Every structure is written in structure tokens, then in C-alpha cells.
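J.: no letters, just coordinates:
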């Protein structure tokens, strides 16, 4: 089973709202990632958790706040977003170094009004 | 640091024709190589990967790729495409023994015409 699940599938929010994206995997993977993807572009790395610790933050604005409650779950908390933050948000997981193959979830389509 | 070049932003092809999507990488050390496919409004799905061993790698949906170290390439091929292969294809590279975070190419849009 190589499934990563993400909820919700679609999210529309205003600039003053607070919302959260959720990602889950049950493959025993120890690395989890958040990516942002704009149309017709490759995914852009936002955050990496390795063994439940934040290991990479790619200078993402503080209005995005990641959380890894346990080894299977990854959240992305959203607050005071801008319209340019509208994008597809992808979660991925991998077994953990040196096993690096990433498996992606279906994504959450976020629209900020 | 590694980099990936997908020279073709769009590849149009007729159904049942063969196709090759090109990927070249730059790295001073050994690499792992991946091809992902993304259908509209979906996530990325792993097509195939090269980690070590045989340079000809077979993946899902009839795709294959060949790792060519001397030409630093990892081109994706399919002998006969279907309408359902219409999608965005991303090549990715990560360093073996180093940072495991992959670098993605800009993507190639494969458009299969009937």
C-alpha cells in the first residue's frame, strides 16, 4: 500500500480565516513533506519533517504553520492567507534517508478569496 | 547541487505512436532518478525510478526509461501511447548519500491526439 491521503480535497477561504490541511500515511514512512504547486509548474518544497522533527523550512511565510503530531500525520495550519497563496497543496512521504522515493497524496486545491 | 532539465515543455503525439520525453540532469555525485505523472487536478504518481543496478527501468502503464551516465540523461519512453496518457510528466533527481530532497524538472506536457 503506497497511499497518502489528504483532506479536504477542496478548500475556499477568506483572507481572515483560519483553516487546516491534513495529510496521513500508514506506510511507516519517517519523512513527510509539504509542497505548493501552481498550475503548469513543478511542486515547490515548503517543509520537511524527518522523524517527526521539522528539518527543512524553505523560508515559507509564517501564515503557513506545519505540525507533525505523530509519525503518520502531518498538518498545515493556514491563517491570514493572501490570494496568491491559492494553489494545489501536496503532501508526500518517503521511508526516510537513505530510502528517498517520495509518494504523493492527491492534494488539496486551495482558493483564497 | 543537482539540477534537472526537461527541454520540451510540450510534446504532441498521435495515439498509438511512440513517444520519448527527455530529461537531463547535472550532478557531480551519484544520483537517484525518478519520473512522475500528474493527471489534471491530481497528485503526482510515481511512474518509475532508478536507484542502482540495471540502467533500463520499467515502470507502470508501459513506460520505461534508460539511465545514461555518460550523457547524464534519463529519458522516458513508451512504444505506443493512449489518449489516457495525456498528462504532465515530471523528472526528478536526488543525490545518493547526500540531501535526499529531490529537485524537479519544469515538467513536460504530453498531449495525445486521436
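T.: Nice, thanks for sending it over. Model, not experiment: these values are computed from the prediction.
J.: which residues sit in contact with the residue nearest the centre of chain B?
T.: Centrality entry for chain B: nearest residue to the mean C-alpha point is residue B:35, 3.5 Å, by C-alpha atoms, centre = their mean. Applying C-beta atoms under 8 Å, 6 or more residues apart in numbering or on different chains to residue B:35 gives the contacts B:21, B:23, B:46-49, B:59, B:63, B:65, B:74, B:76, B:89-92. (Glycine included, C-beta is placed from N, CA and C.)
J.: show me which of the residues you listed neighbour chain A.
T.: Contacts with chain A within the contacts of residue B:35, as defined by C-beta under 8 Å from any C-beta of the partner chain: B:46, B:49, B:90.
J.: which of the residues you listed has the most neighbours?
T.: residue B:90 (24 neighbours; other C-beta atoms under 10 Å in any protein chain shown).
J.: and the next element down the chain from the strand or helix carrying that one?
T.: Using DSSP states H and E, the element containing residue B:90 is strand B:87-95. The helix or strand immediately downstream of strand B:87-95 is strand B:103-104, counting by DSSP H and E.
J.: what residues does that next one touch?
T.: With C-beta under 8 Å, 6+ apart as the contact definition, strand B:103-104 has outside contacts at A:42-43, B:1-4, B:90-94.
J.: among those, name the buried ones.
T.: A:42-43, B:2, B:4, B:90-94 (16 or more other C-beta atoms under 10 Å in any protein chain shown).
J.: so which of the residues you listed comes closest to residue B:40?
T.: residue B:90 (14.2 Å; C-beta to C-beta).
J.: quick one: contacts for that closest one?
T.: Counted by C-beta under 8 Å, 6+ apart, residue B:90 has contacts A:42-43, B:6, B:35-38, B:44, B:104-105, B:107-108.
J.: and residue B:11, how far from residue A:31?
T.: Noted for residue B:11: a distance of 32 Å to residue A:31, by C-beta to C-beta, to the nearest Å.
J.: for those two, work out which one has more neighbours and name it.
T.: residue A:31 (23 against 17).
J.: looks like the more buried one contacts residue A:50 (just checking).
T.: Yes: with contact defined as C-beta atoms under 8 Å, residue A:31 counts as touching residue A:50 (4.9 Å).
J.: give me the common contacts of these two.
T.: Joint contacts of residue A:31 and residue A:50 (C-beta under 8 Å, 6+ apart) are A:96-97.
J.: so which of the contacts of residue B:90 are in strands?
T.: B:35-38, B:44, B:104, B:108 (DSSP state E).
J.: save those residues as TSV, and put in distance to residue A:24 and pLDDT too.
T.: Output for the ones in strands among the contacts of residue B:90, formatted as TSV (distance: C-beta to C-beta, whole Å; pLDDT from 0 to 100):
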residue	distance to residue A:24	pLDDT
B:35	25	98
B:36	20	98
B:37	23	97
B:38	21	97
B:44	17	96
B:104	23	96
B:108	31	98
